[in-house]
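In: generate a structure from the sequence data that follows.
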Amino acid sequence: MTQYKSLLAVIAAIVCTSSAYAYQTRVENRTSGNITVSINLAACRPIQVGVLKPGETSTTFDTGACCFESVTATGTSGAIMNISSGNVRPWGDNWQCFFNLQFTISEKVSGSKITGLIVEHKRF
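Out: Numbering: from 1, shown residues only. Prediction:
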């Protein structure tokens, strides 16, 4: 019984500590045009990054204790105008929790034509 209580206390401490931590994110535009980005969070309002110009990195956004659910990027100018990444989970089917992330948006090229937007992420 004592081991059960100890295990329960450890699990509660991890959950409380992780939920109290504020995660951060930022977005880098490596495309040839302007983009808008929405960072969708599990159980929280999405972060609307706004318009990013080519080569620009956004300010750092505080996500609170929410997990990252997905990211959507849409081109608003140039050759990527109206091209969307769709609703992307670059880490797979699960939510991404417990990390500060930087998203990089780049162009998907097939032959010599831009066919989509790619969303990648890394920890920072």
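In: residue contacts, residue 60?
Out: Going by CB atoms under 8 Å, 6 or more residues apart in numbering, residue 60 touches 24, 25, 26. In this view, the C-beta of every residue, glycine as well, is placed from N, C-alpha and C.
In: rerun at 10 Å
Out: Neighbour list for residue 60: 24, 25, 26, 27, 100, 102, 124 [criterion: CB atoms under 10 Å, 6 or more residues apart in numbering].
In: gap between it and residue 90?
Out: According to CB to CB, to the nearest Å, residue 60 stands 19 Å off from residue 90.
In: are any of the contacts of residue 60 buried, and if so which?
Out: Among these, the ones that count as buried by 16 or more other CB atoms under 10 Å are 25, 26, 27, 100, 102.
In: pLDDT, secondary structure and distance to residue 94 for these - can I get that in a markdown table?
Out: Shown next, in a markdown table, are the buried ones among the contacts of residue 60 (pLDDT from 0 to 100; DSSP: H, G, I helix; E, B strand; the rest coil; distance: CB to CB, whole Å):
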| residue | pLDDT | secondary structure | distance to residue 94 |
| --- | --- | --- | --- |
| 25 | 95 | strand | 17 |
| 26 | 97 | strand | 22 |
| 27 | 98 | strand | 21 |
| 100 | 94 | coil | 18 |
| 102 | 96 | strand | 19 |
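In: can you redo these as JSON lines with distance to residue 111?
Out: Shown next, in JSON lines, are those (distance: CB to CB, whole Å):
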{"residue": "25", "distance to residue 111": "33"}
{"residue": "26", "distance to residue 111": "32"}
{"residue": "27", "distance to residue 111": "27"}
{"residue": "100", "distance to residue 111": "36"}
{"residue": "102", "distance to residue 111": "29"}
